[in-house]
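In: got a structure for you, letters missing:
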């Protein structure tokens with residue numbers, strides 16, 4: 001019986017060793033499978049990430065292309081508006097200066113005219129031009145420097 005018990009013991013030990021070896025092999029293969037799975041998973045996630053970035057760049061390019069022309073048009077209109085405002089300001093400044101010049105001329109005329117009136121006269125060819133109307137009391141007098149009366153001819 002001792003021989004049988006030794007054989008049973010030896011069989012149990014060898015079975016236990018085989019089980020441990022099989023368990024080790026299975027564990028190694030599972031670890032290898034897990035590392036391969038993780039590597040493939042990382043590779044797949046990397047590919048998905050790069051594909052998403054590529055698609056995002058394509059979408060950005062399409063959006064940029066889609067909005068480029070309207071934005072350029074709006075920018076062009078804005079530039080034209082600014083140029084128009086600057087031009088109108090330039091014209092207004094010119095008109096303002098001209099108006100001030102006329103005002104000064106009118107003040108000088110008023111101070112120095114002494115009964116001389118400016119009118120629009122219609123000529124024989126239906127055109128109009130500015131003419132001077134003179135008070136009849138100055139009718140036959142002469143005019144000289146500094147608006148002094150020299151001669152006025154009556155026609």
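Out: That came through fine. Since we're looking at a predicted model, the values are computed, not measured.

In: other SSEs contacting the strand or helix carrying residue 10?
Out: Element membership for residue 10 (DSSP states H and E) is helix 2-112. The helices and strands touching helix 2-112, judged by 3 or more C-beta pairs under 8 Å, 6 or more residues apart in numbering; DSSP states H and E, number zero. Using the backbone N, CA and C atoms, a C-beta is placed for each residue, glycine as well.

In: angle of the helix or strand that comes right after that helix against helix 2-112?
Out: The first helix or strand that comes after helix 2-112 along the chain, using DSSP H and E, is strand 116-122. On the basis of axes from the mean of the first three to the mean of the last three C-alpha atoms, to 10 degrees, strand 116-122 is oriented at 110 degrees to helix 2-112.

In: now do strand 116-122: distance to the chain's middle.
Out: Taking the mean C-alpha point of strand 116-122 and that of its whole chain, the gap between them comes to 55 Å (C-alpha atoms, centre = their mean, to the nearest Å).

In: can you count the residues close to residue 94?
Out: Applying the criterion other C-beta atoms under 10 Å, we find 10 residues in the vicinity of residue 94.

In: er, residue 131 I mean
Out: Residues lying near residue 131 (other C-beta under 10 Å) number 13.

In: what about it, which SS state?
Out: strand (DSSP: H, G, I helix; E, B strand; the rest coil).

In: domain assignment for the chain?
Out: Taking automatic domain parsing as the reference, the chain has its domains at 2-112, 114-155.

In: what mean pLDDT does the longest one get?
Out: What that stands for is domain 2-112. Here the mean pLDDT over domain 2-112 is 88, rounded to a whole number.

In: how much space separates residue 26 from residue 33?
Out: Using C-beta to C-beta, to the nearest Å, residue 26 is found at 10 Å from residue 33.

In: apologies, that question was intended for residue 4.
Out: Distance from residue 4 to residue 33, by C-beta to C-beta: 42 Å.

In: this completes my enquiry, with thanks.
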